[in-house]
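# Need a 3D model of the following:
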Amino acid sequence: MKSANNLVSFIVMHSGKEIFSSAHRVVIKVGTNLLAHRAKGINRDRIGAIAKSVSNFQSQRKQVALVTSGAIGAGMLLLGLKDRPKAIPEKQAAAAIGQPVLMEAYENAFRDHDCTIAQLLLTKDDFVNRTRYNNTKNTFATLFEKGAVPIVNENDTVAVEEIKLGDNDNLSALVANLIEADLLIILSDVDGLFSDDPSKNPEAQLVPIVERFSPQLERLAKKNRSEMSTGGMITKIRAAKQCVSSGIAVIIANGSDPSILDEISRGDYRGTLFLPAKSKLNFRKKWIGFVSDSKGTVVIDTGAKNALLTKQKSLLPSGVLEVRGEFESADTISVIDSEGKEIARGVARYGSLDLNKIKGKRTTEIQKILSRNNGDEVIHRDNLVLIGTE
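Next comes the predicted model:
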């Protein structure tokens, strides 16, 4: 009989191998610490190892997109900066200088394997705006059809705080959802998610597999920032949560191992595997839940919360306690409980002015109060996505 540890390893290997073998589209995210060193610049050997593995993936008839960090890190060296810049103009200058250096390294590495690459620099508007979102999706589809490897980064040279995506972990999740990927691989400088901070607790254990998200999971992902990167384990967990809700598996692994991607393809690797939800969100619900901007917020009572979470019901005005912000009908809004936890997002049937008039009222009162009726629901269940329920 297998020991408990061996049994877990067997399950992880079997699950990981099966997920990879069945994956048609794969997104690989590479972190800053793997690619750029403040004293040495771009790690070309690591990029070469990535290019070799991606070429192997393509030989297995997989379409691969690469989300890369490292432009600002590469620019820091050329600008003579010892610490990561904090001011936006300095970040933009570092990105502008570092991006062509980074892409030149990728170009040379992929050329050795007869692979064509394409550069896509995206901003939040490319996801939030539905027209641009669809155009970007079509661009990816055409690149895949031509056998190219899209290499994606945020357009840091123009992005300001209002339009920033936040970090490349989030960007990788957005790209995975956009192209309807089957697997997201997040390569970092750590092995995966641990039971505690391994730098402080030598007894911390790697969590090999996550079957579902729980309230304790994000608490494990402590915010351990480095001098070079912008994220931490917390951003990776949030990216994973975004993806598994859409039926996309996620693996967090240590990209310092040059053979890690090949190990993942065999299912024999050290890392954390997040199993995808059994029911996938459709393309529209992915956009509502994880891409579109929330224009306002409604606070709901316990009865409405239970109806949304356990019965998959629509949100009715009777369950709304408070309306926050100004929004119009057809805007995306957030739904939070009385403790301030966001549990859902959806498309509002009523703007904030009307909703303030009918909050807490029965549906039979809507016509009398507003002299019209856009429908019984504040948010219909077909336009509502649960995002913070577990």
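
# Report the mean confidence score over stretch 49-59.
Stretch 49-59 carries an average pLDDT of 96.

# Contact partners for L193?
Under the criterion of CB atoms under 8 Å, 6 or more residues apart in numbering, the neighbours of L193 are 206-207, 210, 217, 220-221, 233, 236-237, 252, 272. Placement of C-beta: from N, CA and C, glycine included.

# same thing but 7 Å
L193 sits next to 207, 220-221, 233, 237, 252, 272 when contact means CB atoms under 7 Å, 6 or more residues apart in numbering.

# could you list every residue that touches the closest residue to G70 other than its chain neighbours?
Counting by CB to CB, 6 or more residues apart in numbering, G70 lies nearest to L35, which is 3.6 Å off, once chain neighbours are set aside. By CB under 7 Å, 6+ apart, the contact list for L35 reads 42-43, 46-47, 68-70, 73.

# Which one (most neighbours) among those residues?
Using other CB atoms under 10 Å as the neighbour criterion, G70 leads the contacts of L35 with 31 neighbours.

# Quick check: phi and psi on it?
phi 110, psi -10 (degrees, to the nearest 10).

# Wait, it touches A105, no?
No. With contact defined as CB atoms under 7 Å, G70 does not reach A105; the gap is 8.8 Å.

# Residues that sit against both of these two, list them.
Contacts common to G70 and A105, judged by CB under 7 Å, 6+ apart, are I42.

# out of the contacts of L193, what pair is the most spread apart?
Spatially, the most separated pair among these is L220 and I252, at 12.0 Å (CB to CB).

# who has more neighbours, these two?
I252 (26 against 18).

# Now the closest residue to E322 other than its chain neighbours: which helix or strand?
Leaving aside its sequence neighbours, E322 sits nearest to V299 (CB to CB, 6+ apart; 4.0 Å). In this structure, V299 sits in strand 297-300 according to DSSP states H and E.

# quick one: average confidence on that strand?
Across strand 297-300, pLDDT averages out at 97.

# The lengthiest helix in the chain packs against which elements?
The single longest helix within the chain, with elements called by DSSP state H, is helix 88-111. For helix 88-111, the elements it packs on are strand 41-42, helix 44-59, helix 71-79, strand 117-122, strand 149-154, judged by 3 or more CB pairs under 7 Å, 6 or more residues apart in numbering; DSSP states H and E.

# 10 Å instead, please
helix 32-35, strand 36-37, strand 41-42, helix 44-59, strand 63-68, helix 71-79, strand 117-122, strand 149-154 (3 or more CB pairs under 10 Å, 6 or more residues apart in numbering; DSSP states H and E).

# ranking the ones you listed by mean pLDDT, which is last?
The minimum mean pLDDT among those belongs to strand 36-37 (a mean of 70).

# Quick check: neighbours shared by L220 and I252?
193, 207, 210, 233, 237 (CB atoms under 10 Å, 6 or more residues apart in numbering).

# quick one, what contacts the closest residue to the third one other than its chain neighbours?
Once flanking residues are discounted, V210 sits nearest to F274: 4.7 Å by CB to CB, 6+ apart. Contacts for F274 (CB under 10 Å, 6+ apart) come out as 184, 186, 192-193, 207, 209-213, 217, 236-237, 239-241, 243-244, 248-252.

# which of the residues in stretch 272-288 are buried?
272-274, 276-277, 281, 285-288 (16 or more other CB atoms under 10 Å).

# do the same with stretch 33-49
So, applying 16+ other CB under 10 Å, buried residues of stretch 33-49: 33-37, 41-43, 46-49.

# distance between it and the chain's centre?
Distance of stretch 33-49 from its chain centroid, counting by CA atoms, centre = their mean, to the nearest Å, is 23 Å.

# The spatially closest residue to A51 that is not a sequence neighbour: neighbour count?
Nearest residue to A51, sequence neighbours excluded (CB to CB, 6+ apart): A109, at 3.8 Å. Neighbour count for A109, taken as other CB under 10 Å: 22.

# cool, S294 as well?
If you count neighbours by other CB under 10 Å, S294 ends up with 16.

# helix or strand for the closest residue to it other than its chain neighbours, which one?
In space, S294 comes closest to S334 once its chain neighbours are excluded; the distance is 4.4 Å by CB to CB, 6+ apart. Using DSSP H and E, the element containing S334 is strand 332-336.

# now swap in K368 and tell me
Element membership of K368, judged by DSSP H and E, is helix 366-370.

# on contacts alone, who are the packing partners of that helix?
Counting by 3+ CB pairs under 10 Å, 6+ apart, helix 366-370 packs on helix 352-358.

# With only the CA atoms kept, save the helix it packs on in PDB.
Extracted C-alpha coordinates of helix 352-358, given in PDB (Å, rounded to 0.1, in the frame of the first residue of the first chain):
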ATOM      1  CA  SER A 352     -28.100  53.500  -9.200                       C
ATOM      2  CA  LEU A 353     -30.800  56.200  -9.100                       C
ATOM      3  CA  ASP A 354     -33.600  53.800  -9.800                       C
ATOM      4  CA  LEU A 355     -32.100  51.100  -7.600                       C
ATOM      5  CA  ASN A 356     -31.900  53.400  -4.600                       C
ATOM      6  CA  LYS A 357     -35.700  53.900  -5.000                       C
ATOM      7  CA  ILE A 358     -36.600  50.200  -5.200                       C
END
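
# For the spatially most central residue of the chain, what is the enclosing helix or strand?
Against the mean C-alpha coordinate of the chain, by CA atoms, centre = their mean, the closest residue is A173 at 2.4 Å. Per DSSP H and E: A173 is located in helix 168-178.

# Could you check the angle that helix makes with strand 63-68?
With axes from the mean of the first three to the mean of the last three CA atoms, to 10 degrees applied, the angle from helix 168-178 to strand 63-68 works out at 160 degrees.

# pLDDT of whichever helix or strand comes after helix 168-178, averaged?
On the C-terminal side of helix 168-178, the closest following helix or strand by DSSP H and E is strand 183-188. Regarding strand 183-188, the rounded mean pLDDT is 95.
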